[in-house]
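**Q** Give me coordinates for this.
(chains A and B)
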Amino acid sequence: DTGVSQNPRHKITKRGQNVTFRCDPISEHNRLYWYRQTLGQGPEFLTYFQNEAQLEKSRLLSDRFSAERPKGSFSTLEIQRTEQGDSAMYLCASSLGAGSLYEQYFGPGTRLTVT
Amino acid sequence: QKEVEQNSGPLSVPEGAIASLNCTYSDRGSQSFFWYRQYSGKSPELIMFIYSNGDKEDGRFTAQLNKASQYVSLLIRDSQPSDSATYLCAVNKGYGQNFVFGPGTRLSVLP
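**A** Purely as a prediction, here's the structure:
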C-alpha cells in the first residue's frame, strides 16, 4: 500500500501526558500537512511542511504542539501536557507539489482521547 | 463570515435520485476547489476537483463551479445507499496556501 499511513491509529492518554504521532506520506510527495478534526467539523489546518521545512503554523496551534519532518520524509506531531480539549482526530495529508492544482491525500488518522 | 460554508444537513434523498451538495466561499481569489467524502470514523477521501468555471463530470459525480457567484456544487446522480456520508468542500486560495475546509454536509440516501 503506497498511501499515507499514520501511527498509532488510536491513542488514549491521561491529561498532562505527552503524546507523539507519526505520519508517513506518499513517497514522492514533498508537501505534508497536519489537520485536526472534531465531531461535526471539517478538518482544521495545523501546520505544513515543504520537504523538511515547516512553512506555516496555524495561529490556533498552542506552544504545546510541535511538529517535525527531519529528513523530508516522515513527520511527527507531538502534543505536550495534553488537555481534554485536545481530544480529536489528527489527520495527516500529503501532496505532490505546492501549487493550487495539487490535491491532498489523507491518511487514516490518529484518534486521540484525553481522559 | 466563515471562509467556506456548507449546509450541515442531513440531506436525505431516495435511492436513484440526484443529490445536490452546495458550498460557498468568501475569498474571491480562491483558485481550486475539492470535494471529499468522509464516512463516519474514517478519513476524507478525494472525490474530485475543479479549477475552471463550468461543469466537470466523473462517472456519477459532477462538480460545478461559478467563480463570479463564489459557489461550487457537487451533483451525485443515481444516488446509492453507499453514498451516505459527509461531503466536505475544500478551497485552495493559491500557490503556497492551504486548504480551507467547510464543515461538511451529511448525505443520507434512503433505500
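**Q** you'd agree B:N98 is up against A:K57?
**A** No. Using Cβ atoms under 8 Å as the test, B:N98 is too far from A:K57 to be in contact (11.0 Å). For every residue, glycine as well, the C-beta is placed using N, CA and C.
**Q** Please name the nearest non-neighbouring residue to residue 7.
**A** Using chain A. Nearest non-adjacent residue to A:N7, counting by Cβ to Cβ, 6 or more residues apart in numbering or on different chains: A:R22, 4.9 Å away.
**Q** hmm, I had chain B in mind actually
**A** B:T105 (5.5 Å).
**Q** Okay, now the unreliable bits of chain A?
**A** Residues of chain A that meet the criterion pLDDT under 70 lie in A:1, A:98-101.
**Q** Tell me which residues touch the residue of chain A found nearest chain B, please.
**A** Closest to chain B within chain A is A:G42: 3.3 Å, counting by Cβ to the nearest Cβ. With contacts defined as Cβ atoms under 8 Å, 6 or more residues apart in numbering or on different chains, the neighbours of A:G42 are B:V4, B:L88, B:A90, B:F101, B:G102, B:P103, B:G104.
**Q** How many residues are close by the nearest residue to it once chain neighbours are set aside?
**A** For A:G42, ignoring the flanking residues on the chain, the nearest one in space by Cβ to Cβ, 6+ apart is B:F101 at 3.3 Å. Close neighbours of B:F101, defined as other Cβ atoms under 10 Å in any protein chain shown, add up to 23.
**Q** how near is B:F101 to B:W35?
**A** Distance, B:F101 to B:W35, by Cβ to Cβ, to the nearest Å: 11 Å.
**Q** what sits in contact with each of the two?
**A** Common neighbours of B:F101 and B:W35 (Cβ under 8 Å, 6+ apart) are B:L88, B:C89, B:A90.
**Q** how many other residues sit next to the second one?
**A** Read that as B:C89. Quick note: B:C89 (other Cβ under 10 Å) scores 27 neighbours.
**Q** Great, nothing more from me.
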